[in-house]
Structure formats: C-alpha cells, structure tokens
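Participant: Build the 3D model from these lines:
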Amino acid sequence: MVSLVAHPSRMIGARSGYNTLGRTTSNVNLKHMWHRVRALNLALCKLTQLATQMDKSRRALNDLRSIRRLLLTERRHRDSE
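Facilitator: Just a heads-up that it's a prediction; the model follows:
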C-alpha cells in the first residue's frame, strides 16, 4: 500500500527547498521593488526640479510683463507730449 502522507524526512527537505525558493522569490521581488522605489524617487526629484524651474520662469515672465508695461507707459507719455 502506498502512503499518501509524505515521510517526515522528505517533508523537511521539501520545506527547505520551498523556503529557499520563497527567499529567492522574495529577493527578486525586493530587487524589483527597490528599482521601483528608486525610479519613483527620481521622478519625484525631477518633478521638484520642474516645479522650481516653472516658478523661476513665472517670476521672470512677470518681470518682463512689468517692464513691458513700464515701457509702454513711458511711450504713451512721450507720444502725448
């Protein structure tokens, strides 16, 4: 008669192999997750840089608009004299 229950020594070996496979799978998942975390950190850094550049550009554009208004006001005053 064949027993459907594994012998304890075989179960230990199977568990050991399963645990090794589980650790290997976990390591692969951790490496994959680590790459994702690094990519997300890089994206966050780039978005922060972009926000800073946009803020600087907005200020420069506002300065140019102010200068244009001053120049147009001076031109109007000269033309009206």
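
Participant: low-confidence ranges in this structure?
Facilitator: 1-26, 28 (pLDDT under 70).

Participant: please redo it, this time with the cut-off set to 50
Facilitator: 1-9, 11 (pLDDT under 50).

Participant: Which stretches in it count as helices?
Facilitator: Per DSSP state H, the chain carries helices over the ranges 8-80.

Participant: what's the neighbour count on L61?
Facilitator: L61 is flanked by 10 other residues according to other C-beta atoms under 10 Å. Where C-beta positions appear, they are placed from N, C-alpha and C, glycine not excepted.

Participant: Correction: the previous question concerned R69.
Facilitator: 10.

Participant: before we move on, what about H77?
Facilitator: The number of residues near H77, taken as other C-beta under 10 Å, comes to 9.

Participant: do K56 as well
Facilitator: Using other C-beta under 10 Å, K56 is surrounded by 10 other residues.

Participant: Same question for A60.
Facilitator: Neighbourhood size, A60 [other C-beta under 10 Å]: 10.

Participant: mind checking how far it is from C45?
Facilitator: Going from A60 to C45 by C-beta to C-beta, to the nearest Å gives 23 Å.

Participant: next one: T73
Facilitator: To C45, T73 is 42 Å away according to C-beta to C-beta.

Participant: again with K56
Facilitator: For K56, the distance to C45 - C-beta to C-beta - is 17 Å.

Participant: S57 now?
Facilitator: For S57, the distance to C45 equals 19 Å [C-beta to C-beta].

Participant: Kindly report the same for D79.
Facilitator: Counting by C-beta to C-beta, the gap from D79 to C45 is 51 Å.

Participant: if you count what's nearby, which of the two comes out ahead?
Facilitator: Neighbours were counted for D79 and for C45 using other C-beta under 10 Å; C45 has more, 10 against 7.
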